[in-house]
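# Test case, fold it:
(2 chains)
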There are 2 protein chains.
Amino acid sequence: MRCGLLFSAGKDSSLVALLLEDFYDVTLVTASFGVVDPEPAREAADALGFPHETVDLDPAVAHDAVSRMYDDGYPRNGIQQVHEHAVERVAAGAWADDIDAVADGTRRDDRVPTVDRPLAQSVEDRFGVDYLAPLSGVGRGAIDGMVAETLAVETGPSAEIPKADYEVELRSLLRAEHGAGAVDEVFPEHTQSRVRGRS
Amino acid sequence: MRCGLLFSAGKDSSLVALLLEDFYDVTLVTASFGVVDPEPAREAADALGFPHETVDLDPAVAHDAVSRMYDDGYPRNGIQQVHEHAVERVAAGAWADDIDAVADGTRRDDRVPTVDRPLAQSVEDRFGVDYLAPLSGVGRGAIDGMVAETLAVETGPSAEIPKADYEVELRSLLRAEHGAGAVDEVFPEHTQSRVRGRS
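Now for the predicted structure:
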C-alpha cells in the first residue's frame, strides 16, 4: 500500500513516517508554493531513509491566505486554509499514480491545522484514498517522548531553522507583501524543529 | 517507556500494539468485571508476542451501565461509561508501577467509545500518564488495510467469537438481570473479530 505523507522536515511528520513505515510504502511529500527551496526537506527525507517528492500548491491559495492572516492579525485561519489545500493536493495524487492513502502530522494539542472527521471523510470520498492522522489522538508529552526515542532533532527560533514547509513560504510572502513588521505581528515567535535523521 | 494498552483481542487494539511497539514496551491489559474468563485475550496476546495483564473493574460501574443500557434500549451510553472507567483503571497503574502511557483502540469512525480531547487531557492530568489513541485519526478503510497486511483475524457473529472484553461481560450481565430478549433488543447483532496472531 502506498502512502503520501505531507512532510515539512519537522518532528511531527517525521514521527508519522516511522509510525506508518511497517504498514505502508511511505513517500514524504513536501507541498510548495515555489517560494523557498525544498532542499532542506529533501535532505531530511534522505536522512530518514524515505523517498521524497514535491507537489505544487496554487499561488492563489497563498495570496488569499496571506491577505487573511494580515487582516486577522494572527495566522490560524490562513494556515488552516493552506493545510487543507495541501492535503487535497497530496490526496489527488499530484506526485504519483495509484496511491492508497494520504497522511499528515496533525497533532491533538494543536489549534491548527486540524482535519476534523467530516473533512477527513470528505477527502476520502472525493479522492478515493484513506486519510491518516495518527498523531491526532496523541498529546504533546507523548510525541516528545516518542521523538526522543527515535529521532535526532535540531531546534531553534523559527527564522534560524532551515525548513521548506508552507509556513516558511507564507512568512516570506507576508514579508514581501506587507513588510517584515507584518511577519512579527502575525506570527508569534516560536521554536521550530528540524529532523536530522534517526537517533 | 512503558505503555498499558487496553486489549480486547480484537483487531483495533491489536493494530495499536503493532503501531506502538517500536516506541514503547507495550503490555496488553484486559479490563474485566470478573464475569467471563480472560483466557481468550491472554491467548491472543501470547500469539502477538506481548505480555498480558488483567485489571479488575468496579462491579458497581457494570451495574449502572447495564441499567442504563436497558433503560436506553441501546448500548451507547453504557459502553462509553465502562470504557472511561477502564481507561482510568489502566491509567491508574492498577496492573504495574511506573507506567508512562495508557493507550486504546478508539477509532475515528466509531460513535462509541470515544475519548475526546478534554477527557484525554483530564486522564493525563489526573494520573500523570500520556493517553494515546493513534487510531482516532484513522478511518475504517485504512484500519482494514493495515490489519490485512499484518494480522491473522477470525470473524463471525458476536455470540460465536470467544473474546474477553467488557462488552461480552455487559451482554452476560444484561442477560442475567433482564433475560436473553434484553440482549437482542439492546445490542444489534454485528460481526466481531478476534486476532489469532500476526500474518
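# Check which residues of the lengthiest helix in chain A are buried.
Assignment by DSSP state H gives helix A:76-91 as the longest helix of chain A. Applying a neighbour-count criterion of 16 or more other CB atoms under 10 Å in any protein chain shown, one finds A:78-91 buried in helix A:76-91. Backbone N, C-alpha and C define where each C-beta goes, glycine included.
# by contact count, what packs against whichever helix or strand comes after it?
Helices and strands here follow DSSP states H and E; after helix A:76-91, the next one along the chain is strand A:101-103. Contacts defined by 3 or more CB pairs under 8 Å, 6 or more residues apart in numbering or on different chains; DSSP states H and E place strand A:101-103 against strand A:2-6, helix A:76-91, strand A:130-132.
# what about A:V55, distance to chain B?
Computed with CB to the nearest CB, to the nearest Å, the distance linking A:V55 and chain B is 21 Å.
# can you redo the buried residues of helix A:76-91 as TSV with distance to A:A103?
Shown next, in TSV, are the buried residues of helix A:76-91 (distance: CB to CB, whole Å):
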residue	distance to A:A103
A:G78	22
A:I79	18
A:Q80	18
A:Q81	20
A:V82	17
A:H83	13
A:E84	15
A:H85	16
A:A86	12
A:V87	9
A:E88	14
A:R89	14
A:V90	9
A:A91	10
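# export the residues you listed to a markdown table and tack on pLDDT?
Conversion of the buried residues of helix A:76-91 to a markdown table gives the following (pLDDT from 0 to 100):
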| residue | pLDDT |
| --- | --- |
| A:G78 | 96 |
| A:I79 | 95 |
| A:Q80 | 96 |
| A:Q81 | 97 |
| A:V82 | 97 |
| A:H83 | 97 |
| A:E84 | 97 |
| A:H85 | 97 |
| A:A86 | 96 |
| A:V87 | 97 |
| A:E88 | 97 |
| A:R89 | 96 |
| A:V90 | 96 |
| A:A91 | 96 |
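# low-scoring pLDDT stretches of chain A, where are they?
Applying pLDDT under 70 to chain A picks out residues A:158-159, A:164.
# mind running it again at 80?
Counting by pLDDT under 80, the ranges of chain A that qualify are A:94, A:157-164, A:188-191.
# Give me every residue in it lying close to chain B.
Applying CB under 8 Å from any CB of the partner chain, one finds that chain A approaches chain B through A:1, A:18-19, A:22-23, A:100-101, A:106, A:108-109, A:117, A:120-121, A:124, A:130-139, A:141-142, A:145-146, A:149-150.
# hmm, 6 Å instead?
Residues of chain A that fall close to chain B, judged by CB under 6 Å from any CB of the partner chain: A:1, A:19, A:23, A:101, A:130, A:132-134, A:136-139, A:141-142, A:145-146, A:149.
# which ones among those residues are found in helices?
Per DSSP H, the subset of these in helices is A:L19, A:G141, A:A142, A:G145, A:M146, A:E149.
# For chain B, state which of these is nearest.
Closest approach to chain B among these (CB to the nearest CB): A:A142, at 3.6 Å.
# who's in contact with that closest one?
B:A101, B:D130, B:L132 (CB atoms under 6 Å, 6 or more residues apart in numbering or on different chains).
# quick one on the thing from earlier: using CSV, lay out the helices and strands packed on strand A:101-103 together with distance to A:P38.
Putting the helices and strands packed on strand A:101-103 into CSV (distance: least, CB to CB, whole Å) gives the following:
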stretch, distance to A:P38
strand A:2-6, 13
helix A:76-91, 13
strand A:130-132, 22
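# what's the burial count for A:D71?
Counted with other CB atoms under 10 Å in any protein chain shown, the neighbours of A:D71 add up to 10.
# ok, it - contacts?
Going by CB under 6 Å, 6+ apart, the list of residues near A:D71 is empty.
# Go ahead and list the helix or strand containing it.
A:D71 belongs to helix A:59-72 when assigned by DSSP H and E.
# follow-up on the earlier one: A:T30 is nearest to which of the helices and strands packed on strand A:101-103?
Smallest distance to A:T30 across the helices and strands packed on strand A:101-103 (CB to CB): 7.9 Å, for strand A:2-6.
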